[in-house]
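# Prediction below, plus the sequence it came from.
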Amino acid sequence: MGEAISNTMRGLLRRVSDPPRNDGNGKVMKIAITGGTGFIGRHLARDLIEHGHEVVLIARGLYTRNAQPIEGATFVAMDANNTEKLQEAFKGCDAVAHCAGTSVEDEKQTFEQLHVNGTRSAVTAAENANVKKFVLVSYLNVRPNTQSAYYSTKWQGEEIVRGSKLNYTILKAGLIYGQGDHLLHNLGNLLKKLPVFATVGIKEQTVRLIAVEDLVKIISAALLDENRLSRQTVAVIGPEEFPFSTAARRISRAMGKPFLLILPFPVLFQQMLAWFSERFMPKPLITKAQVQMLADGISKPLSDSQMLPEDLAPTTLFTEEQIQKGLPK
C-alpha cells in the first residue's frame with residue numbers, strides 16, 4: 001500500500017515538474033526509437049525524456065560521435081533486421097519512431113539491409129506488438145525509378161510503411177543540421193584547415209536547411225497524438241532557400257573566418273571525390289548519396305507529399321548563432 005502511494009506521488013510530482021506537452025491523451029507514453037543512438041534519434045530521445053516520456057533506444061551500438069549514454073533511456077543493442085527481437089523491444093510501446101538509416105554503405109550494412117529489410121522488420125514488429133503510431137523519417141527527394149540505390153531503397157521502405165496496417169506518418173525531410181550532425185561537423189572541420197568550398201555543380205541547386213529542434217518537434221507531435229498527421233506522407237523543409245555555398249559562407253563566418261573562396265565544380269568531379277572518400281576514408285568526407293542530394297537540390301517537395309500544418313512548419317533560421325550551437329568543439 002505504502003509503495004503504491006509512493007509511486008503515485010512520484011508520478012504526480014513528475015507530471016507537475018515537467019513542461020507541458022500535447023501528447024493527445026494527457027498520459028506518459030512509452031516510445032521506441034530505432035537508430036536511437038544516431039543524430040536525429042539522440043535529439044528526439046532527449047526531448048521526449050525531458051517531457052516525462054519513457055524511451056527505448058534501439059541500435060547496433062553506441063554512435064561514436066556521441067558516445068555518452070542518454071540518461072533516462074533504456075538502450076537495446078540489436079540488428080534492425082531481427083524482427084523477433086524488435087517485437088520484444090516494442091512490447092508495451094505506444095509509438096515507434098523509425099529513424100534508422102544511412103547515406104553510406106559498408107561491409108556491415110547495405111542500403112537494402114537497412115532501408116528495406118530493416119523497415120520491413122520494424123513494421124512487422126510494430127504490427128505484432130500493437131503499436132498505435134509509427135513514424136518513419138525519410139528523405140525529401142526519395143522517389144522510384146532512379147539510378148540511386150539510396151533513393152530506391154528509401155522509397156521501398158516508404159512503400160512498405162504505406163502498405164502496412166499501421167497508423168503511420170512518413171516525414172520526408174530535407175537536410176538536417178544541429179549538434180552532432182554530419183553537415184556542421186564535416187564542413188566545419190574542413191573549413192578549419194582550408195578556407196575553400198567546392199560547389200556541387202557549376203550552377204548550384206538550392207537547399208532549405210532544417211534545425212534538428214524543428215524536426216524533433218514534428219516527430220514528437222506525430223508520435224504523441226495518434227490522430228496527428230495520421231496515414232500521411234509529409235514534406236519537411238526549412239524556412240529559407242539558398243544555394244549550399246551560402247550555407248558554407250555562413251558556417252565560415254560563424255567560425256570567425258570571414259573569407260571563403262567558392263570554387264564552382266561539376267557534379268562529376270564531386271562524384272569522383274565521393275567514390276574515393278567512401279572507399280579510402282574510415283569516415284567519408286562526402287558520399288555518393290550526398291552528392292546526388294545536392295545535385296538534385298533539397299528545397300522542393302515532391303507531388304507525393306503533403307505540406308505541414310502551419311503550427312508545425314520549421315521556423316528556425318540558419319543564423320551564425322544557430323550554427324555555433326552545432327559546430328564541433
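Yep, that arrived. Computed from a predicted structure; not experimentally measured. Numbers count the residues shown, from 1 in each chain.
# can you pull out the strands in the stretch 51-200 of the chain?
For the stretch 51-200 of the chain, strands defined by DSSP state E, counting those that start in this stretch occupy the ranges 54-59, 73-77, 95-98, 133-139, 168-173, 176-177, 196-198.
# Switch those over to a markdown table; also include mean neighbour count.
Every C-beta, even on glycine, is put in place using the N, C-alpha and C of the backbone. Formatted as a markdown table, those follow (neighbours: other CB atoms under 10 Å):
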| stretch | mean neighbour count |
| --- | --- |
| strand 54-59 | 23 |
| strand 73-77 | 16 |
| strand 95-98 | 28 |
| strand 133-139 | 26 |
| strand 168-173 | 25 |
| strand 176-177 | 24 |
| strand 196-198 | 16 |
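# do you know which of these lies nearest Ile210?
Comparison of those against Ile210 by CB to CB identifies strand 176-177 as nearest, at 5.1 Å.
# Let me know which of the strands of the stretch 51-200 of the chain is the nearest to Lys329.
Comparing the strands of the stretch 51-200 of the chain against Lys329 with CB to CB, the closest turns out to be strand 176-177 (15.8 Å).
# thinking Glu127 is in contact with Asn167, fair?
No. The criterion here is CB atoms under 8 Å, and Glu127 misses it with Asn167 at 10.6 Å.
# anything in contact with each of the two?
Between them, Glu127 and Asn167 share no contacting residue under CB atoms under 8 Å, 6 or more residues apart in numbering.
# pLDDT weak spots in the stretch 201-329 of the chain?
Counting by pLDDT under 70, the stretch 201-329 of the chain shows no low-confidence range.
# so where do the strands sit in it?
206-207, 210-211, 232-236, 242-243, 261-263, 306-307.
# Tell me which of those strands sits most buried.
Stretch with highest mean neighbour count among the strands of the stretch 201-329 of the chain: strand 210-211 (a mean of 24; mean count of other CB atoms under 10 Å).
# Pull up the pairing partners for it, direction included.
Partners of strand 210-211 in the sheet, by DSSP bridges, are strand 176-177 (parallel).
# Would you state the helices of the stretch 101-250 of the chain in chain order?
All helices of the stretch 101-250 of the chain, identified by DSSP state H, counting those that start in this stretch, fall at 111, 118-128, 149-162, 183-193, 212-224, 244-254.
# Make CSV from those and add mean neighbour count and distance to Arg143 to it.
As requested, the helices of the stretch 101-250 of the chain are exported to CSV (neighbours: other CB atoms under 10 Å; distance: least, CB to CB, whole Å):
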stretch, mean neighbour count, distance to Arg143
helix 111, 23, 15
helix 118-128, 23, 16
helix 149-162, 21, 6
helix 183-193, 17, 22
helix 212-224, 22, 20
helix 244-254, 20, 21
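# Export the ones you listed as a markdown table, with columns for distance to Ala77.
Listed next are the helices of the stretch 101-250 of the chain as a markdown table, based on distance: least, CB to CB, whole Å:
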| stretch | distance to Ala77 |
| --- | --- |
| helix 111 | 22 |
| helix 118-128 | 15 |
| helix 149-162 | 22 |
| helix 183-193 | 24 |
| helix 212-224 | 22 |
| helix 244-254 | 34 |
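# Compare those helices and give me the one nearest Ala313.
Of all the helices of the stretch 101-250 of the chain, helix 212-224 sits nearest to Ala313, with 8.3 Å by CB to CB.
# Go ahead and confirm Leu223 touches Ala97.
Yes. Using CB under 8 Å, Leu223 makes contact with Ala97 at a distance of 6.0 Å.
# Please identify every residue contacting each of those two.
31, 135.
# Glu54 against Ala32, yeah?
No. Using CB under 8 Å, Glu54 is not in contact with Ala32, being 9.6 Å away.
# thinking again about what came up before, for the strands of the stretch 201-329 of the chain, which one sits closest to Gln324?
Here strand 210-211 is closest among the strands of the stretch 201-329 of the chain (CB to CB), at 12.7 Å.
# And the contacts of stretch 176-193?
With CB under 8 Å, 6+ apart as the criterion, stretch 176-193 contacts 39-40, 42-43, 65-66, 103, 175, 197, 209-213, 215, 247-248, 251-252, 255, 257, 260, 285-286, 318, 323, 325-328.
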